[in-house]
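Chemist: Here is a sequence with its predicted model. Questions after.
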Amino acid sequence: MSIVVDQLVKIYGNQRALDSISFEAKKGVITGFLGPNGAGKSTTMKIATGYIGLTSGNVLVDGVDVAKEALKVKRLTGYLPEHNPLYLEMYIKEYLRFIGSAYKLKNVKTRIEEMIEICGLEREQQKKIGALSKGYRQRIGLAQALIHDPSVLILDEPTSGLDPNQLVEIRKVIKQASENKTVILSTHIMQEVEALCDKVVIINKGKIVADNDVNSLKSKAANTIGYQVEFEEVIDPLLFEKEGVQVVDLGGNRYAISGNEDPRKKIMKVAGEHSLPLINISKDEQSLEGVFQELTNSK
């Protein structure tokens, strides 16, 4: 039970949205799928769930070829898209009954009750969806993704709009679901990655730039020594990159400059050689967010 993406390409007109990407998500592992806006995350998820076609390459969901058997893939998959599509005039149970009927569930009444309990909808279950907060609408989206007990769960920004208490509850639901399912989760929040994910795939400009377990990425962060540096004017990052350090533009003449060794000597050397007036330099504790910025920084 897994999702295998092999040399996947998606082209819109003249735009190559996905450029021969490959990765695998396995059962019992929550795979975080990260990237800046427009990197290709949602496109990949829509292809993996059979909602849009691919240009070339292959995607296998639990051994089923998405390009050849999209309907079968949809039966195997629970999908919560980024923009959660709900019928606002329906009551919660009415909507879940509709979804259950679409999957031709025989035990639909029992599954509705289970979803209401699992997703924490008891207090609101008599309301119309349109009367609910964004957080509760996300819970309903998660309930519809889980109701047919899929072997694969694909979640695009599942914790969007949730308050801190709701975050804890939904994380618990996703963790429990991952014990016997393949889970891919897209998020912009690094705390979510640390709290939920076992593995991380990072995509940037349609290409995979990282595919590793969370602990390995944390080790990379811990072994990187970085400083935040502020200059009087905008600098050319290439001047520093020639010295073997990484530069991330933080805006406002501020830059994160890092390396596997303390980069301060190189910073001072370049600043002196090119008459770049320094305003401030301070230690920058590297984190998963720092690694993400380093890997997705547009040069």
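Modeler: That came through fine.

Chemist: For whichever strand or helix holds residue 114, list the C-alpha coordinates in CSV.
Modeler: Taking DSSP states H and E as the definition, residue 114 sits inside helix 108-118. The C-alpha coordinates for helix 108-118 follow below in CSV (Å, rounded to 0.1, in the frame of the first residue of the first chain):
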residue,chain,number,x,y,z
VAL,A,108,-23.5,4.5,6.1
LYS,A,109,-25.5,5.4,9.3
THR,A,110,-22.8,3.8,11.5
ARG,A,111,-20.0,5.5,9.6
ILE,A,112,-21.6,8.9,9.9
GLU,A,113,-21.8,8.5,13.7
GLU,A,114,-18.2,7.3,13.8
MET,A,115,-17.0,10.3,11.7
ILE,A,116,-18.9,12.8,13.9
GLU,A,117,-17.2,11.3,17.0
ILE,A,118,-13.7,11.0,15.5
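
Chemist: And the helices in the stretch 101-250 of the chain?
Modeler: 108-118, 134-146, 164-178, 190-196, 214-222, 237-241 (DSSP state H, counting those that start in this stretch).

Chemist: Just name the most buried of those helices.
Modeler: helix 134-146 (a mean of 22; mean count of other CB atoms under 10 Å). The way it works is simple: take the backbone N, C-alpha and C, and place the C-beta from them, glycine included.

Chemist: domains of this protein?
Modeler: The chain breaks down into these domains under automatic domain parsing: 2-212, 223-296.

Chemist: Return the member of those domains having the minimum mean pLDDT.
Modeler: In terms of mean pLDDT, the lowest-scoring of the domains of the chain is domain 223-296 (a mean of 82).

Chemist: Distance from the chain centre to that domain, please.
Modeler: 27 Å (CA atoms, centre = their mean, to the nearest Å).

Chemist: what's the answer for stretch 53-70, then?
Modeler: Using CA atoms, centre = their mean, the offset of stretch 53-70 from its chain centre is 21 Å.

Chemist: could you give the angle of the helix holding residue 114 to helix 164-178?
Modeler: Counting by axes from the mean of the first three to the mean of the last three CA atoms, to 10 degrees, helix 108-118 points 130 degrees away from the direction of helix 164-178.

Chemist: For helix 108-118, name the packing helices and strands.
Modeler: helix 92-102, helix 134-146 (3 or more CB pairs under 8 Å, 6 or more residues apart in numbering; DSSP states H and E).

Chemist: what would those helices look like in JSON lines with distance to residue 283?
Modeler: Formatted as JSON lines, these follow (distance: least, CB to CB, whole Å):
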{"stretch": "helix 92-102", "distance to residue 283": "50"}
{"stretch": "helix 134-146", "distance to residue 283": "37"}
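
Chemist: out of those helices, nearest to residue 78?
Modeler: Evaluated over those, closeness to residue 78 peaks at helix 134-146, with 3.6 Å, by CB to CB.

Chemist: any idea of the angle the closest one forms with helix 108-118?
Modeler: 140 degrees.

Chemist: For helix 134-146, name the packing helices and strands.
Modeler: strand 77-80, helix 92-102, helix 108-118, strand 152-156, helix 164-178.

Chemist: Can you tell me what sits against the helix holding residue 114?
Modeler: 92-93, 96-97, 100-101, 105, 121-122, 125, 143, 146-149, 173, 176 (CB atoms under 8 Å, 6 or more residues apart in numbering).

Chemist: do stretch 11-19 as well
Modeler: Outside of stretch 11-19, the residues within contact range by CB under 8 Å, 6+ apart are 8-10, 40, 43-44, 47, 55, 205-207.

Chemist: deepest of the domains of the chain, which one?
Modeler: Highest mean neighbour count among the domains of the chain (mean count of other CB under 10 Å): domain 2-212, with a mean of 18.

Chemist: The residue sitting nearest the centre point of the chain and residue 138: what is the separation?
Modeler: Centroid check for the chain by CA atoms, centre = their mean gives residue 186 as the closest residue, at 2.1 Å. Distance, residue 186 to residue 138, using CB to CB, to the nearest Å: 14 Å.
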